[in-house]
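Visitor: Please work out how this folds:
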Amino acid sequence: RAPAALARPPRASAQPSHARTHVAGPRVSPTPPAAMASTSALQKSLLNMFSPLLSSMAKSYKGVVGARLTKLGLRYDDLIDPDMDMDAREALRRLGPEVEIQRNQRLKRALDLSMKHVDLDPKIQKVQTPFNNYLHGMLEQVKMENAERQEVGTPTPYNRQLP
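Guide: Model prediction:
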């Protein structure tokens, strides 16, 4: 037992300790419309200021990604994982078995080349088209259909659960 001099003073609150609720974080008041307009203007000015820098970085990044995809014989749409995106799975299904077979062959070849630490033959690299999108159009169509279904409130005709 602690001596009386070291005992804690009683709490000032009349509520028992288990009755108190703790609110995490500071209380945030609603943002007034004038502040939202100034925030939007700030975002636009920052975007205008950094747009040239971002566009040059995007071009160089696209070049690096394109060079690596060319060395492996892949297309950019091959990087979309249909096991993690149900819309991509549906878009691939709609494109037909030929497109899916070609995609799987490109992926197998890329895995083989990567495991061997070699690149494609330079003659074959010259005919590669890494940014020739074969999936993008159908994927956008599937996403638009799903958004429309969600607005109307009808279920999707295929399973949208991830494995």
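
Visitor: Which helix or strand lies directly C-terminal to the one helix or strand residue 44 maps to?
Guide: If you go by DSSP states H and E, residue 44 is part of helix 33-72. Sequence order places helix 86-95 as the next helix or strand after helix 33-72, per DSSP H and E.

Visitor: That following helix: how far from the chain's middle?
Guide: Distance of helix 86-95 from its chain centroid, counting by CA atoms, centre = their mean, to the nearest Å, is 18 Å.

Visitor: so what secondary structure elements neighbour it?
Guide: Applying 3 or more CB pairs under 8 Å, 6 or more residues apart in numbering; DSSP states H and E, one finds that helix 86-95 contacts helix 97-116, helix 136-152. C-beta: built from backbone N, CA, C; applies to glycine.

Visitor: tell me the angle of the helix holding residue 44 relative to helix 97-116?
Guide: 70 degrees (axes from the mean of the first three to the mean of the last three CA atoms, to 10 degrees).

Visitor: Of the helices and strands packed on helix 86-95, which is nearest residue 76?
Guide: helix 136-152 (8.7 Å; CB to CB).

Visitor: Going by neighbour count, list what's buried in the closest one.
Guide: 138, 139, 142 (16 or more other CB atoms under 10 Å).

Visitor: Show residues contacting it.
Guide: Residues from elsewhere that reach helix 136-152 (CB atoms under 8 Å, 6 or more residues apart in numbering): 77, 80, 87, 88, 90, 91, 94, 95, 155, 156.

Visitor: what angle separates it from helix 97-116?
Guide: Using the same axes, to 10 degrees: helix 136-152 against helix 97-116 is 120 degrees.

Visitor: Show me what the lowest-mean-pLDDT helix or strand in the chain is packed against.
Guide: Least confident helix or strand of the chain, by mean pLDDT, DSSP states H and E, is helix 33-72 with a mean of 85. On a contact count with 3+ CB pairs under 8 Å, 6+ apart, helix 33-72 meets helix 97-116.
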